[in-house]
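Peer 1: Build me a structure from this.
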Amino acid sequence: MSLLESKLMSAGTPLPFFPLKDISGRMIGAKDYSSHKLLLIVFTCNHCPYAKASWPVLTDLYQRYHKEGLQIIAVNPNNHPDYPEDSFEKMKSCAKENDIRFPYVFDEDQYMARSYDAVCTPDPFLFIDHKLFYHGRINDNWKEPEKVTEKSLENFILAALKPEISQPSSVHPSMGCSIKWVNQLP
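Peer 2: Coordinates of the predicted model:
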């Protein structure tokens, strides 16, 4: 396991468009969710301990904020023969085990991960009206959820949904396992 921190994408960056296959085989893209105020794109996978720890947090955020306008799309960019537990077929069982009710899509050619300059799992990108609002960590303690003192991602979701809540002043990079690139490109 190689621990990496995400590269920061600048706030205001337009949402890169993507059509990807979800676990049901349906092609989806950002335009399918244009009615949602917030779109959270999370690069993640099935095997990474950081990603595994994030599934309960993501499903909880979705359940609590979906009706207020939050849509989550989880993206698995790990299409590497050395990591069969991240295969498209295994994504289906991961979704079932974690009660994932939002789209879980496969970035088979890793084009989407490259267009976001994503480097680790999980790596969340929160967009408001298709412009980047937040790119950083989910919280300050992935290993011991009961000891979380800063819910970084949720704080930005709340600031985006409720104008009376001020936006947090600090952004910390996400960290997790490296994306398993099939071909390393410069």
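Peer 1: drop to CA atoms for contacts and neighbour counts, all remaining ones
Peer 2: Fine.
Peer 1: And the helix or strand encompassing Ile73, what does it pack against?
Peer 2: Per DSSP states H and E: Ile73 is located in strand 70-76. In this structure, strand 70-76 makes packing contacts with strand 38-43, helix 49-65, strand 104-106, judged by 3 or more Cα pairs under 8 Å, 6 or more residues apart in numbering; DSSP states H and E.
Peer 1: Skip ahead from that strand and say which helix or strand is next.
Peer 2: Sequence-wise, the next helix or strand downstream of strand 70-76 (DSSP H and E) is helix 88-97.
Peer 1: mind listing what the residue positioned nearest the centre of the chain touches?
Peer 2: When Cα atoms, centre = their mean is applied to the chain, the residue found nearest the centroid is Val42 (0.8 Å). If you count contacts by Cα atoms under 8 Å, 6 or more residues apart in numbering, Val42 has them with 72-75, 122-125.
Peer 1: shaky segments in this structure?
Peer 2: Low-confidence segments of the chain, defined by pLDDT under 70: 1-7, 184-186.
Peer 1: Strand 38-43 and the strand holding Ile73, what's the angle between them?
Peer 2: Orientation check (axes from the mean of the first three to the mean of the last three Cα atoms, to 10 degrees): strand 70-76 against strand 38-43 gives 10 degrees.
Peer 1: How about the residue nearest to the centre of the chain, nearest residue that isn't a chain neighbour?
Peer 2: Spatial nearest neighbour of Val42, chain neighbours left out: Pro124 (4.2 Å); criterion: Cα to Cα, 6 or more residues apart in numbering.
Peer 1: Much appreciated, bye for now.
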